[in-house]
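Asks: Just the structure for this:
(one chain, ligands or ions: 1)
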Amino acid sequence: MDRFLIHGPCTLSGSVRVSGAKNAVLPLMAATLLSRGVSRIHNVPDLRDTRTMAKVLETLGAEVHREGSTLTIDTTAADGVDAPYELVKTMRASIYVLGPLLAAKGKARVSLPGGCAWGPRPVDLHLKGMETLGAVVELEGGYIVARQPSGGLTGGDMDFETSSVGATANLLMAAVLARGTSVLENAAREPEVTQLAEALVDAGAKIEGIGTTTLTVEGVEEIRPLEVTVIPDRIEAGTFLTAAPILHSKLKVEGLRPDHLGATLEVLEACGCSFQVGEDFVEIDGSAASAPVNVVTRPYPGFATDMQAQTMAVATLLDGISVITDTIYPDRFTHVAELRRLGAQIRLDGNSAVVTGVERLSGAPVMATDLRASAALILAGLAAHGETLVDRIYHIDRGYEQIERKLAALGARIERVEGPPTP
Ligand code: UD1
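Replies: This next block holds a predicted model:
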């Protein structure tokens, strides 16, 4: 199992370019199942999760090829309807094939994803969404089995009691081919959902209210193959931006969408960073960062739960007491115990972490517990004095393209080393 060996502390400088957004490309790849033919998705990051989604599509009969950062997905012979446990258990987002399969093939059999490192993560809203279109949904042997009613899916109204990125995208993909009108209320409006909706419209879907919490879908007979360029990864961009205050560095993060980073930039400003914001870059100066922060995660455009762990890493070295509350995933705090191993002072109080800034962190062996927690440990490891060994970095390979190379190019001393084989 690979690990990262980090020598800290270091100062970063120079510029780094962000890759395409993992959370945008996964639903786009699933949406290629809505049509037969050749879809092209550009600016696709090469990640463990995009490879897993490619395997899911191949299992369903699609042909997937990568050339550079373009994925070509040919669904001409994609007649399968089964997404097996072996794949779904490695990536929850495999559930994105549920809506497209149900709508385009009439039936879907998708393994239930199970829990994850930070809680039970239910899929009830995905299932309820399919039912509002008339689908018959049953759970059999650990699988979700969803079928169209005789006569096909019909438009329906869904008022999401919780804003859900995944359930909104899944229902949207099913509703575009349902007969009649569907209204999705309290829909998620994360940029990744907006990108999916726009790509579907380009391919012939009729969707109104894109970018708002009410999406109105008029079903169409067919969707054409997709041709789309994935938006920049706002979480990867945010992760590099948080490196500036924790390492008191100045750097330029390029190829991003500043309008997707509003809440992150507000927090970085609050702790004392200054910026120059361009059309597709942010130059950040974190050398004077010292003020504690108060952060509450919320659905977009609020502060992203996917930036919570990295922000906590920054808070460990700010002056005074920072409070970081996660309202999206109240148990998403597995990184706390690992940050404490580096010398951080953090107390958990319900779904809030109370972080008392310390003078310095010191290197130690730590264990990555999930994707964003891994990013937080890398940032803290870069700031810590001495050697930090981050184990289980397969988590980070799920969602960050070549993070060690990008950080090393900025001046970080980080290398990938082979660990002992998995027991
Ligand atoms: C997506 C992102 C993930 C991010 C999360 C929140 C992808 C592949 N993953 O995950 O990185 O952390 O959004 O921004 O895009 N919920 C239910 N029932 C459901 C579905 C969700 O109760 O059926 C709840 C969840 O427990 C959570 C909240 O809704 O409290 C938001 O989760 P959701 O937006 O669905 O997260 P994902 O789409 O799984």
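Asks: Tell me how many other residues surround the residue of the stretch 101-250 of the chain found nearest the ligand.
Replies: Nearest residue of the stretch 101-250 of the chain to the ligand, counting by CB to the nearest ligand atom: Gly166, 2.8 Å away. C-beta: built from backbone N, CA, C; applies to glycine. Gly166 is flanked by 25 other residues according to other CB atoms under 10 Å.
Asks: OK, contacts around it?
Replies: Going by CB atoms under 8 Å, 6 or more residues apart in numbering, Gly166 touches Arg92, Ala93, Ile95, Tyr96, Val123, His126.
Asks: residue ranges with poor pLDDT in the chain?
Replies: When residues are selected by pLDDT under 70, those of the chain lie in 114-120, 421-423.
Asks: domains in it, as residue ranges please.
Replies: Split into domains by automatic domain parsing, the chain comes to 2-18+232-418, 22-229.
Asks: Could you tell me the end-to-end distance of the shortest one?
Replies: If I follow you right, that is domain 2-18+232-418. Terminal residues of domain 2-18+232-418 are spaced 5 Å apart (CA to CA, to the nearest Å).
Asks: Up against the ligand, what does the chain have?
Replies: 23, 26, 93, 121-126, 162, 164-167, 188, 192, 305-306, 328-329 (CB under 6 Å from any ligand atom).
Asks: gap between Leu361 and Gly8?
Replies: Leu361 sits 8 Å away from Gly8, going by CB to CB, to the nearest Å.
Asks: Show me the common contact partners of the two, please.
Replies: Residues touching both Leu361 and Gly8 (CB under 8 Å, 6+ apart): Ala383, Ala384, His385.
Asks: Neighbours of the closest residue to Ile223 other than its chain neighbours, how many?
Replies: In space, and not counting its chain neighbours, Ile223 is closest to Leu34: 4.3 Å by CB to CB, 6 or more residues apart in numbering. The number of residues packed near Leu34 is 27, by other CB under 10 Å.
Asks: same thing with Gly320?
Replies: 12.
Asks: Among the contacts of Gly166, name the ones in strands.
Replies: If you go by DSSP state E, the contacts of Gly166 have nothing in strands.
Asks: Of the residues you listed, keep whichever come out buried.
Replies: When burial is judged by neighbour count using 16 or more other CB atoms under 10 Å, the buried members of the contacts of Gly166 are Arg92, Ala93, Ile95, Tyr96, Val123, His126.
Asks: In CSV, list those residues along with distance to Ser287.
Replies: Shown next, in CSV, are the buried ones among the contacts of Gly166 (distance: CB to CB, whole Å):
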residue, distance to Ser287
Arg92, 39
Ala93, 38
Ile95, 43
Tyr96, 42
Val123, 45
His126, 45
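Asks: wait, which of these is closest to Asn294?
Replies: The closest of these to Asn294 turns out to be Arg92 (CB to CB; 30.0 Å).
Asks: Nearest residue to the closest one in space, please, no chain neighbours.
Replies: Spatial nearest neighbour of Arg92, excluding adjacent residues (CB to CB, 6+ apart): Pro113 at 4.2 Å.
Asks: who are the neighbours in contact with the residue nearest to Ile223?
Replies: Counted by CB under 8 Å, 6+ apart, Leu34 has contacts Pro100, Ala103, Ala104, Met173, Val176, Leu177, Leu200, Ala203, Ile223.
Asks: Share the number of residues neighbouring Thr305, please.
Replies: Thr305 has 18 nearby residues by other CB under 10 Å.
Asks: just checking, it touches Tyr329?
Replies: Yes - Thr305 is within contact range of Tyr329, at 5.6 Å (criterion: CB atoms under 8 Å).
Asks: what residues do the two have in common as contacts?
Replies: Common neighbours of Thr305 and Tyr329, using CB under 8 Å, 6+ apart, are Thr297.
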